[in-house]
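Undergrad: I'll drop the sequence and a predicted model, then ask my questions.
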Amino acid sequence: MKFVAIIRQVPDGEAKLKEEAGRIDLSGATMILDQMDEYAVEEIIQLKEKHGGEAVIVAFGPERTKEAIRTALAMGADRAVFVRHEGDADPITEARALAQVLKEEAPTVVFTGGQQADWDSYALGPAVAEVLGWPSVAWTTRFELLDEHKAKAKHDLDEGAQVVEVALPAVFTTQQGLNEPRYPTLPGIMKAKKKEIKEIPAEELGVRGAKVEILSQEIVQIERKQKILDGTKEPEKAAEELVKLLHEEAKVI
Amino acid sequence: MVLVFIDHDGKKPKKGGLEAITRAREVAGALGVSVAGLVVGSGIGEVADEAKKYVDTLYVADAPEFADYTAEKWTAAAHAAVQKTGAKAVVAPASRTGRTWTARLAARMDAGLLEDVLELEPSAEAVVAKRYTFLNRVLEKQKAAYPVVISIKPNTAPLAEPKGEGQVEALEVALGELEQKVQVLEKIQEEKKRVSLTEAPVVVTGGRGMGSAEAFKLVEELADLLGGAVGATRAVVDAGWRPYAEQVGQTGKTVQPNLYIALGVSGAVQHQAGMNKSKVVVAVNKDPDAPIFKETDYGIVGDVHQVLPAMIEAVKKLKD
Amino acid sequence: MALDFSLTEEQLELQKLARRFAREQVAPVAKEYDEKEAVPWPLIEKLHEIGLLNISIPEENGGLGLGLVEEVILGEELGWADMGFYTIPMASELGITPVLLAGNAEQKERFLRPLTEKPALAAFALSEPGNGSDAAALKTRAERVGDHYVLNGTKMWISNAAEADWTVVFATFDPELRHKGVVALVVERDREGISFNKIHGKMGQRAAPTYEMVLEDVKVPVENRLGEEGEGFKIAMLTLDKTRIPVAAGSVGVARRALEEAAKYAKEREAFGRPIIDFQAIQFKLADMMIGLETARMYTYYAAWLADRNDPRHIYASAIAKAYASEIAFDAANEAIQIHGGYGYVNEFPVEKLLRDVKLNQIYEGTNEIQRVIVARHIKKHIP
């Protein structure tokens, strides 16, 4: 069986963002494998360890994305297909390109992040599934491969959750709690250097511009009042003062 | 025509549905067309009676197959309505399910997808939308030409007012092989004692600093006193002190209440992504260096186990 | 053109992994282990899991066969998060190094491979209650009886000891011979007659376990002897010539942490209506911290590079690096506290721990006075 994880490289959540002429400039930011995608990588490695077969990474993005691919390979994935694309792309455009890769790979199961920390989009997983005519399950918290053709999954809805049985191949998006992603290991890092990364220019998959154009980006900072009281010595007094401020000044209680 | 998906609780449209209608009307206005609504479910006559007051035509996909949500069925229903109406724009609430099936629909229609939209500037040619990206830290302006699929971020649009009696039409949805591929085996209801987290005007969140599951009794007490909901951080949920349903943050829920109270929460960026648009933020933490204080309007540096009971007392006193 | 300060791609990956591990796994629990004075075994296990424990063990014995440059990369990151924790893997390498230097193929396989297969530690026992710096004045006796040695005596300040699978014990078979009478023996923990007493009340590095090791008629087979009888002292010195470089690396990590914490605080803290970083008194302190950090890091890498190439200059270079880095790190921690004012003196902020921890770096693996003796010895011999 073949298991695929679709990943993105995103800025580290702790990284300070810079704005340059109305666009976010990521040149100085620490870039990492998206943390929601990390669950996807962990899941396909576990599936491979349990059922045998191959764990394959599929990624789309600029040249630097290779660092995130290496991390996923160092965690234990076997090889990668990298669709190189500089500039903006929207999830639907990316999904169309990746669907062609997946069609060729013909995996049993595909996982990807429930939401990636750069474009805050939920769309990639379901859109890939749609283009391929496969079912999709979003925000998966539990996954069980029943056989080559069936899986059982629990996933979050707006309120509550559902347990579903899904005919494979299918695309699943991750939710926290699905697993505990492992660290790449130092031996794994060494081995990852020798693993194959097949590179495909996005143009070869017919990517010409995006359906959604980004007009501007602006870092938002809500100015906070930052009235911080000292409650280490007289907690009761500080609490009373706080409630008073919330009532009289902020007028929220 | 503009198609708006109206979600519901089995009886009437949900708040998210009414917000989506507001935005759908804006788009319809720019295009000079009417608004068609879509409701999907099983045994939803009551919903249709209410929902038709908001739209020119209401399409009702009411069948036993729609008793349980799957992205494939909802996409099929929406696509059937698009084909029937020739809608150039589809508007839906950006709930978890909404953001999933709209992605499928956009791919099926080969449309642009504007997700989790705060504000819209529609014209006759295209829709410009504002939305947050980079874990809610960046405000992004995006533009997509028609056809377009738009999901509306909860709590960002005014609720639509009813405006008459729309025409009701049953929608036939042909379900094929794809829609059979996901079978729902079990539904798990969220425990709901208080107001829903995403709609609550006040959210009281406990973090790792609470120390134990038992300590959350006081968090609940304060939330109840303020008519709010209880939230939890990822660490708390991972420790099993509170259910996932209460998690605020990137992997949990995004909240935007009038008052957000963070107790013993250090304030990792992933947490802030779920709450940093709250109107007033209050934090109590013993670490004066905790990142949450940078996102705070009113805060107390101190032991939450001493401060929280005192806050409860103070609120009680205020109410008397 | 040969001069090149860049790290290889693998080394950069190692740095990234170590940095992530230090930030996500070590730093958040450093305070807790310091307070509890407990051994962070869960961290040791995780370090093993990701392949960063006992990294010098050769590939033929199941390890990664990494050198001191890699150890320095790791040491800076772990020292940044918790110097006390870093001392544990560092002291394990201190135990491994004599086996690498003087062990035969059979001994390497027998002692080193198990340390790659599970989270396990080694240790090194040279100091005694009555002698530290005067290492040749050993009192622990190793009496040869047939195919065994019988060990009697007490070893002091032994990092890891009771936690380690085995300890390289240095003992004398003839005190008259001074350093020529020393033998190095690998002593497994479960041998009869060994007892350990944990040393409590340490000022810092409280996550690192330190023991008194008492040896009473402990029988050790001749096969556990590293090198020949009489080579023990040389083995110990050759070991320390290399392993004080990681002490320097840990110090660099502490100095970097001190600078980061102080800079962060100075940018946020306001006095007289502006951030205190705008005041020259603070700026000069921070600048001095950075001067110390950058020069110490550069020199530590240099010493590691020499040692990895077996260049004899590493003997004095490692001494310079150890003394210099531990001193600039102590100063940096001290100034970080000063910049924090009263907050720096309480344990809500991490800077007071930096000072308590890094004080030990000026003492262990040869006090900084001994490092100066080594440098002076070089001057006497080689500088005209």
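TA: Yep, it's here. What you are looking at is a predicted structure, and each value in this text was computed from that prediction instead of being measured.
Undergrad: Tally up the residues packed near residue 231, please.
TA: By default, I'm working from chain A. Neighbour count of A:Gly231, defined by other CB atoms under 10 Å in any protein chain shown: 26. (Each C-beta comes from the backbone N, C-alpha and C, glycine too.)
Undergrad: that answer is for a different chain, and I need it for chain C
TA: Neighbours of C:Glu231 under the rule other CB under 10 Å: 17.
Undergrad: Could you check which helix or strand contains C:Glu143?
TA: Assigned by DSSP states H and E, C:Glu143 belongs to strand C:141-145.
Undergrad: In the stretch 251-384 of chain C, what residue lies closest to chain A?
TA: Nearest to chain A in the stretch 251-384 of chain C, going by CB to the nearest CB, is C:Glu348, at a distance of 9.4 Å.
Undergrad: returning to that earlier point: give the other helices and strands that the strand holding C:Glu143 contacts.
TA: With contacts defined as 3 or more CB pairs under 8 Å, 6 or more residues apart in numbering or on different chains; DSSP states H and E, strand C:141-145 has these neighbours: strand C:148-159, strand C:166-172.
Undergrad: which one of those is the most hemmed in?
TA: Sort those by mean neighbour count, taking mean count of other CB atoms under 10 Å in any protein chain shown, and strand C:166-172 sits at the top with a mean of 27.
Undergrad: for the helices and strands packed on strand C:141-145, which one sits closest to chain B?
TA: strand C:148-159 (31.0 Å).
Undergrad: what bits of chain C have low per-residue confidence?
TA: C:132-133 (pLDDT under 70).
Undergrad: tell me the contacts of the residue of it found nearest chain A?
TA: Closest residue of chain C to chain A, CB to the nearest CB: C:Gly51 (3.5 Å). By CB atoms under 8 Å, 6 or more residues apart in numbering or on different chains, the contact list for C:Gly51 reads A:Thr185, A:Leu186, A:Pro187, A:Gly188, C:Leu64.
Undergrad: so who does whatever residue of chain B ends up closest to chain A touch?
TA: With CB to the nearest CB, the shortest gap between chain B and chain A falls at B:Gly302, namely 2.7 Å. For B:Gly302, the contacting residues are A:Asp230, A:Gly231, A:Thr232, A:Pro235, A:Ala238, B:Val284, B:Lys286, by CB under 8 Å, 6+ apart.
Undergrad: for C:Ala317, same thing?
TA: Taking CB under 8 Å, 6+ apart, we find C:Ala317 in contact with C:Tyr299, C:Tyr302, C:Ala303, C:Leu306, C:Ala307.
Undergrad: Among those, pick out the one closest to B:Leu197, please.
TA: Distance to B:Leu197 across the contacts of C:Ala317 (CB to CB) is lowest for C:Tyr299, with 55.0 Å.
Undergrad: in what helix or strand does that closest one lie?
TA: Applying DSSP H and E as the criterion places C:Tyr299 in helix C:280-308.
Undergrad: And for A:Glu43?
TA: Assigned by DSSP H and E, A:Glu43 falls in helix A:35-51.
Undergrad: Quick check: the closest residue to chain C within the stretch 151-253 of chain A vs C:Asn54, distance?
TA: When scored by CB to the nearest CB, the stretch 151-253 of chain A has A:Leu186 as its residue closest to chain C, at 3.5 Å. A:Leu186 is 11 Å from C:Asn54, where distance means CB to CB, to the nearest Å.
Undergrad: again, but for B:Leu113
TA: On the measure of CB to CB, B:Leu113 and C:Asn54 end up 51 Å apart.
Undergrad: neighbour count winner among the two?
TA: B:Leu113 (28 against 24).
Undergrad: That one looks like it's in a helix, true?
TA: No: B:Leu113 is assigned strand when assessed by DSSP: H, G, I helix; E, B strand; the rest coil, not a helix.
Undergrad: can you list the domain ranges for chain A.
TA: A:2-205, A:222-253 (automatic domain parsing).
Undergrad: quick one on the thing from earlier: put together CSV for the contacts of C:Ala317, with neighbour count and distance to B:Asp49 on each row.
TA: What follows is the contacts of C:Ala317, written out as CSV (neighbours: other CB atoms under 10 Å in any protein chain shown; distance: CB to CB, whole Å):
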residue, neighbour count, distance to B:Asp49
C:Tyr299, 17, 81
C:Tyr302, 20, 82
C:Ala303, 31, 82
C:Leu306, 20, 85
C:Ala307, 26, 83
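Undergrad: could you redo those as a markdown table and give each row distance to B:Ala129?
TA: Shown next, in a markdown table, are the contacts of C:Ala317 (distance: CB to CB, whole Å):
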| residue | distance to B:Ala129 |
| --- | --- |
| C:Tyr299 | 56 |
| C:Tyr302 | 56 |
| C:Ala303 | 58 |
| C:Leu306 | 60 |
| C:Ala307 | 60 |
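Undergrad: With respect to chain B, which of those is nearest?
TA: Closest to chain B out of those is C:Tyr299 (32.1 Å), distances taken as CB to the nearest CB.
Undergrad: Assess the claim that the closest one and C:Tyr324 are in contact.
TA: Yes: judged on CB atoms under 8 Å, C:Tyr299 makes contact with C:Tyr324 at a distance of 6.4 Å.
Undergrad: if I look at the two, which residues touch both of them?
TA: Common neighbours of C:Tyr299 and C:Tyr324, using CB under 8 Å, 6+ apart, are C:Ala248.
Undergrad: Determine which stretch of the domains of chain A is the most buried.
TA: For the domains of chain A, average neighbour numbers computed from mean count of other CB under 10 Å are highest in domain A:2-205, which has a mean of 20.
Undergrad: do you know how far the residue nearest to B:Gln167 when sequence neighbours are not counted is from B:Leu3?
TA: What sits nearest to B:Gln167 in space, not counting adjacent residues and going by CB to CB, 6 or more residues apart in numbering or on different chains, is B:Thr57, at 4.8 Å. B:Thr57 sits at a distance of 10 Å from B:Leu3 (criterion: CB to CB).
Undergrad: neighbour-wise, which of these two wins?
TA: Between B:Thr57 and B:Leu3, counting by other CB under 10 Å, B:Leu3 is the more crowded of the two (28 against 19).
Undergrad: residues touching that one, list them.
TA: B:Leu3 touches B:24, B:35-38, B:78, B:81-82, B:85, B:87, B:89-91, counting by CB under 8 Å, 6+ apart.
Undergrad: Surely it forms part of a strand?
TA: Yes: under three-state DSSP, B:Leu3 falls within a strand.
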